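K.L.:
Here you go, sequence then predicted model.
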Amino acid sequence: MVDVLNTREVTDLGRADAAFAGEIGRMVRLGRAKRGMSRRQLAQESGTSERYLAQIESGAGNPSVLVMRAIADALEIPLFELLPHTGGLATPYARIIDLLGRASPSDLSAIADAIERRIDGAAATDRARRIALVGLRGAGKSTLGKMLAEKLGVPLIELDRMVEQEYGASVPLLIEMSGLATFRRHERACLERVISENEAAVIATAGGIVSNPETYGLLLRRTHAVWISAQPEEHMSRVMKQGDFRPMARNREAMADLHAILEARRVDYARAEAKLDTSGATAQQSFAKLTKLVAPWTKG
């Protein structure tokens with residue numbers, strides 16, 4: 001016997017498929033924004049045409065599992081994170097996501113704390129006197145990091161500069177020649193070395209460090225992380241004052257990208273131990289607040 005779908009059922013299925021495809025597109029866009037990757041970069045790293053990727057992100061594409069796996073690999077995330085529904089995936093990840101979906105919003109924070117305690121164990125308290133500054137470019141990490149390191153008499157370590165020294169080329173060239181995934185591996189290795197060799201240090205990180213869960217998790221476990229934040233307009237202004245005038249060429253698009261990246265990373269930045277908003281403040285004013293903020297962590 002052949003089952004025949006009536007017109008209403010076909011219409012409902014079409015809508016469900018469209019909603020599913022649209023959600024996949026949204027999650028790909030979110031993953032790309034979180035990592036600060038352009039569509040062209042993601043297309044190159046995943047071996048997907050930029051035009052096809054644009055269709056996927058708009059919800060108009062119909063990507064195969066192999067294409068989705070290539071995109072997930074390029075974003076350095078598990079494939080299931082790009083799928084709206086994971087109930088059919090026979091993995092512990094799917095079970096965890098399903099359970100979280102059934103939890104009340106008020107319980108999520110306690111669940112996250114319990115998972116973090118379980119994973120981190122004793123290492124969660126092994127932050128010593130290492131202070132890491134996280135946040136978007138232009139927030140003031142390098143300026144405040146230098147001032148804080150001088151006051152505390154500890155080294156200032158900028159992970160980007162350390163990667164460049166290890167690799168022998170600039171970060172943009174490294175990414176262009178070897179890909180973002182290679183840069184992230186170097187970044188992780190450098191962070192591990194900094195932690196193993198320094199009981200006390202100020203560490204200035206790249207804004208996209210949050211895009212690698214393992215590296216960012218290591219940072220949160222083994223350092224006192226402070227999210228240095230500012231309004232998007234101030235981020236843009238400070239970057240341009242540093243001599244980077246590229247945003248001026250397409251100011252409207254650049255500002256939209258900045259908002260998207262900040263929104264995609266906000267939850268991860270907020271996992272830092274503390275937050276310092278530098279909006280509308282001078283470097284000295286922000287430094288005074290930072291000094292008070294880190295005082296409990298720098299004793300001994």
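P.N.:
Sure, I can see it. Not measured: the values here are computed from a predicted model.
K.L.:
Tell me the first helix or strand C-terminal of the lowest-mean-pLDDT helix or strand in the chain.
P.N.:
Within the chain, no helix or strand scores below helix 246-249, which has a mean of 44 by mean pLDDT, DSSP states H and E. Next along the chain after helix 246-249, taking DSSP states H and E as the criterion, comes helix 251-269.
K.L.:
same for the following helix or strand past that next one, what does it pack against?
P.N.:
Beyond helix 251-269 in the direction of the C-terminus, DSSP H and E gives the next helix or strand as strand 274-277. Applying 3 or more CB pairs under 8 Å, 6 or more residues apart in numbering; DSSP states H and E, we find strand 274-277 packed against strand 224-229, helix 283-294. Glycine gets a C-beta too; all of them are placed from N, C-alpha and C.
K.L.:
ok, which stretches of this structure are strands?
P.N.:
129-134, 156-158, 200-204, 224-229, 274-277 (DSSP state E).
K.L.:
Put together JSON lines for the ones you listed, with mean neighbour count on each row.
P.N.:
Shown next, in JSON lines, are the strands of the chain (neighbours: other CB atoms under 10 Å):
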{"stretch": "strand 129-134", "mean neighbour count": "25"}
{"stretch": "strand 156-158", "mean neighbour count": "19"}
{"stretch": "strand 200-204", "mean neighbour count": "24"}
{"stretch": "strand 224-229", "mean neighbour count": "24"}
{"stretch": "strand 274-277", "mean neighbour count": "17"}
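K.L.:
so can I have a markdown table of those strands showing distance to residue 40 and mean pLDDT?
P.N.:
As requested, the strands of the chain are arranged in a markdown table below (distance: least, CB to CB, whole Å; pLDDT from 0 to 100):
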| stretch | distance to residue 40 | mean pLDDT |
| --- | --- | --- |
| strand 129-134 | 26 | 96 |
| strand 156-158 | 27 | 96 |
| strand 200-204 | 28 | 96 |
| strand 224-229 | 28 | 95 |
| strand 274-277 | 33 | 94 |
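K.L.:
Next, format those strands as JSON lines and append distance to residue 149.
P.N.:
Formatted as JSON lines, those follow (distance: least, CB to CB, whole Å):
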{"stretch": "strand 129-134", "distance to residue 149": "9"}
{"stretch": "strand 156-158", "distance to residue 149": "4"}
{"stretch": "strand 200-204", "distance to residue 149": "4"}
{"stretch": "strand 224-229", "distance to residue 149": "13"}
{"stretch": "strand 274-277", "distance to residue 149": "16"}
